[in-house]
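[1] Structure here, sequence nowhere to be found:
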């Protein structure tokens, strides 16, 4: 019976240790994310002034897109507009 008590005590100490270490890892990760976001914030991408941002596709490509969408959706889907990215 003494060995069973020692086993439970060892199990509780081990599980508590693992739980505390995991908490430390989680808190450290959150702290690291906050520090990195303050030091190097995410860059906002701005479109270039010289590039055309909304060029419309030509008629042949539009016809192909309409046929593909119609075939995939069984005639229920329709393409209203398409832009080059």
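    Structure received. Since we're looking at a predicted model, the values are computed, not measured.
[2] which stretches of the protein aren't confidently modelled?
    47-55 (pLDDT under 70).
[3] any idea how the chain splits into domains?
    Per the record's domain assignment (automatic domain parsing), the chain is made up of the domains 1-45, 47-85.
[4] who touches residue 74 in this structure?
    The neighbourhood of residue 74, defined by CB atoms under 8 Å, 6 or more residues apart in numbering, contains no residues. The C-beta positions use only the backbone N, C-alpha and C, and glycine is treated the same way.
[5] Where is the longest helix in the chain?
    Looking only at the chain and at elements set by DSSP state H, the helix with the highest residue count is helix 2-39.
[6] Run the chain-centre distance for it.
    The chain centroid and the centroid of helix 2-39 are separated by 27 Å, computed with CA atoms, centre = their mean, to the nearest Å.
[7] Could you do stretch 65-72 as well?
    For stretch 65-72, the distance from its own C-alpha centre to the chain's C-alpha centre is 30 Å (CA atoms, centre = their mean).
[8] Just the residues contacting it, thanks.
    The contact list for stretch 65-72 (CB under 8 Å, 6+ apart) reads 57, 77, 78, 79, 82.
[9] how near is the first one to residue 33?
    By that I understand residue 57. Using CB to CB, to the nearest Å, one gets 41 Å for the distance from residue 57 to residue 33.
[10] Pick out whichever of those two has more residues nearby.
    Neighbours were counted for residue 57 and for residue 33 using other CB atoms under 10 Å; residue 57 has more, 15 against 10.
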